[in-house]
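[1] Build me a model from this:
(chains A and B)
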Number of protein chains: 2
Amino acid sequence: MKLYTTKSSGNGYKVALLLSMLNRQYETVLVDFPGGEHKRESFTALNPRSQVPVLEDAGRVIWDSSACLAYLARKYGGEQWLPSEPGQMAEVLQWVALALNEIQFGLQYARGIVRGIRSGHYDECAALGRKGLDVLEGRLRGNDWLALGRPTIADIACYPYTARAPEGNVSLEPYPKVQAWLQRVEALPGYFKVG
Amino acid sequence: MKLYTTKSSGNGYKVALLLSMLNRQYETVLVDFPGGEHKRESFTALNPRSQVPVLEDAGRVIWDSSACLAYLARKYGGEQWLPSEPGQMAEVLQWVALALNEIQFGLQYARGIVRGIRSGHYDECAALGRKGLDVLEGRLRGNDWLALGRPTIADIACYPYTARAPEGNVSLEPYPKVQAWLQRVEALPGYFKVG
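    Alright, predicted model coming up:
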């Protein structure tokens, strides 16, 4: 199995985290973004969006972090990380959708603007990110995990850019339940801090 | 089964389309956005994001269109719309992710700005939407459907706001394969035009 990513990609990190928690061996292929490798045909043939992560496994090529997480969970995670029962699967996937929306377009992009790796409108990204944090905080009042009362890919999808929110000048101080949940994720077997 | 939506929501329409294609009976509950019903506790108890669609079925409440589509596909669609095999499931879900990203934050929001129902930065939304259309066009060169060579929730998720792109002043003329694919979706049994 190969994981195409970069050293700093939080979306690649999601997939690497789940691989580690599933105790799967894989090869990391670092894609040279500053050198424009992601725009070359050798890479766009894998992912027409020119983004990481991309997962290659058993002849399959999968792009988008959410699809990679679902693939690994269903293929190697039994019923733990993304169960097959439709209602339970949907409960997990709605939080994965929050990661693709409020967390990516909010927290991830606010951080990218602050760090000078992305242009955009900081206040709008930060506001969207805080909306996402409000929803997370509400959910985590009385729930240890985002879905099903146990760790799932919902938590893995939402974790990296929530944890990094302060790097985008979005404080987690108003969100004590979110902070406690981040610590629970960090205590899971197989957890590792990004590069 | 109840579908909470509005008359004009393209995201609610996705779920209604799949329900129709699956030939399922359900009750439509129109949420009064102008009247602020989506911000009242009776609704935020169903969906803390204050958005439609929300699906209520057999005691379950599911928010986010992508999670609703996955739920219906797995519960009522056999292996047709979202198969259980991990690689096939991932192939479908990566296009659902495109719907949540380039299509929503690009085409949907560009249209919303043009129609005066959303504030934002038109040029950036239109550019992101065109990136999504480029990816769709590339995929549909040589493929009739987005995933697995047959209709799946990938097509349902991407259809509504791609079809409406011209209402956001994003022309589909440069995208003949996308246009032909829209027509294929519109020819599926159970298809209906929105409101």
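[2] what are the phi and psi angles of the residue nearest to A:L72 when sequence neighbours are not counted?
    Nearest residue to A:L72, sequence neighbours excluded (C-beta to C-beta, 6 or more residues apart in numbering or on different chains): A:L18, at 5.3 Å. Every residue, glycine included, has its C-beta placed from N, CA and C. Main-chain torsions, A:L18, degrees, to the nearest 10: phi -70, psi -40.
[3] just A:L3 next, same as before
    The phi/psi pair for A:L3 (degrees, to the nearest 10) reads phi -110, psi 110.
[4] Look at it and report its pLDDT.
    For A:L3, the pLDDT comes out at 98.
[5] how about it, what does it touch?
    Residues near A:L3 by C-beta atoms under 8 Å, 6 or more residues apart in numbering or on different chains: A:12, A:15-16, A:19, A:26-29, A:53-55.
[6] For beta bridges, what are the partners of it?
    Note on A:L3: beta-bridge partners by DSSP bridges are A:T28, A:L55.
[7] Let me know the distance separating it from chain B.
    In this view, A:L3 and chain B are 14 Å apart by C-beta to the nearest C-beta, to the nearest Å.
[8] Most neighbours out of the contacts of A:L3, which is it?
    Counting neighbours by other C-beta atoms under 10 Å in any protein chain shown, A:V15 comes out on top of the contacts of A:L3 with 29 neighbours.
[9] who's in contact with the host helix or strand of that residue?
    Assigned by DSSP states H and E, A:V15 belongs to helix A:10-21. Outside helix A:10-21, the residues that touch it by C-beta under 8 Å, 6+ apart are A:1, A:3-6, A:26, A:28, A:51-53, A:55, A:65, A:68-69, A:72-73, A:77, A:81, A:104, A:108, A:151, A:153, A:156-157, A:159-161, A:164, A:188-192, A:194.
[10] Recalculate using a threshold of 7 Å.
    With contacts defined as C-beta atoms under 7 Å, 6 or more residues apart in numbering or on different chains, helix A:10-21 is touched by A:3, A:5-6, A:26, A:52-53, A:55, A:65, A:68-69, A:72-73, A:81, A:108, A:153, A:156-157, A:160-161, A:164, A:188-192, A:194.
[11] for the residue nearest in space to the middle of chain A, what are its contacts?
    The residue lying closest to the centre of chain A (C-alpha atoms, centre = their mean) is A:A157, at 3.4 Å. A:A157 is in contact with A:14, A:66, A:69, A:95-96, A:99, counting by C-beta under 7 Å, 6+ apart.
[12] at 10 Å instead, please
    A:11, A:14-15, A:17-18, A:65-66, A:69-70, A:92-93, A:95-100, A:103-104, A:146 (C-beta atoms under 10 Å, 6 or more residues apart in numbering or on different chains).
[13] Check A:K177 too.
    So A:K177 contacts A:133, A:136-144 (C-beta under 10 Å, 6+ apart).
[14] got the residue ranges for the strands in chain A?
    A:2-5, A:27-30, A:54-57, A:60-63 (DSSP state E).
[15] where along chain A do the helices fall?
    Secondary structure of chain A by DSSP state H: the helices cover A:10-21, A:41-44, A:65-76, A:86-98, A:109-114, A:122-140, A:153-163, A:176-186.
[16] where does chain A have low pLDDT?
    Low-confidence segments of chain A (pLDDT under 70): A:195.
[17] contacting residues around stretch A:184-195?
    So stretch A:184-195 is in contact with A:6-10, A:12-14, A:16-24, A:140, A:144-146, A:151, A:155-156, A:158-160, A:162-164, going by C-beta under 10 Å, 6+ apart.
[18] Burial check on the residue nearest to A:G129 when sequence neighbours are not counted, number of neighbours?
    Excluding its sequence neighbours, the residue lying closest to A:G129 (C-beta to C-beta, 6+ apart) is A:G106, at 3.0 Å. Using other C-beta under 10 Å, A:G106 is surrounded by 25 other residues.
[19] So A:G106 sits against A:L136, correct?
    No: proximity of A:G106 to A:L136 does not meet the contact threshold set by C-beta atoms under 10 Å, at 11.2 Å.
[20] hey, what's in contact with both of the two?
    Counting by C-beta under 10 Å, 6+ apart, the shared contacts of A:G106 and A:L136 are A:L98.
[21] In terms of residue numbering, what are the domains of chain A?
    Chain A is divided into the following domains under automatic domain parsing: A:2-76, A:86-186.
[22] Tabulate these in a markdown table, adding columns for distance to B:L128.
    A markdown table is the format used below for the domains of chain A (distance: least, C-beta to C-beta, whole Å):
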| stretch | distance to B:L128 |
| --- | --- |
| domain A:2-76 | 11 |
| domain A:86-186 | 10 |
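[23] Looking at those domains, which is nearest to B:G120?
    Closest to B:G120 of those, according to C-beta to C-beta: domain A:86-186, at 7.9 Å.
[24] Could you check how far the closest one is from the centre of its chain?
    In terms of C-alpha atoms, centre = their mean, to the nearest Å, the gap separating the centre of domain A:86-186 from the centre of its chain is 9 Å.
[25] so how far is chain B from the residue of chain A positioned farthest from its centre?
    Going by C-alpha atoms, centre = their mean, the residue of chain A most distant from its centre is A:E41, 25.7 Å out. Between A:E41 and chain B the computed distance is 12 Å (C-beta to the nearest C-beta).
[26] wait, A:V178 sits on A:R130?
    No: between A:V178 and A:R130 there is no contact under C-beta under 10 Å: 11.1 Å.
[27] what is in contact with the two at once?
    The contact lists of A:V178 and A:R130 share A:137, A:165, where a contact means C-beta under 10 Å, 6+ apart.
[28] got the CA positions of stretch A:141-148 in CSV?
    Extracted in CSV, the C-alpha atoms of stretch A:141-148 (Å, rounded to 0.1, in the frame of the first residue of the first chain):
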residue,chain,number,x,y,z
ARG,A,141,-21.4,17.6,25.8
GLY,A,142,-22.5,14.2,27.0
ASN,A,143,-20.7,12.3,24.3
ASP,A,144,-17.1,11.1,24.5
TRP,A,145,-16.9,10.6,20.7
LEU,A,146,-18.6,12.1,17.7
ALA,A,147,-20.5,9.0,16.6
LEU,A,148,-21.7,5.8,18.1
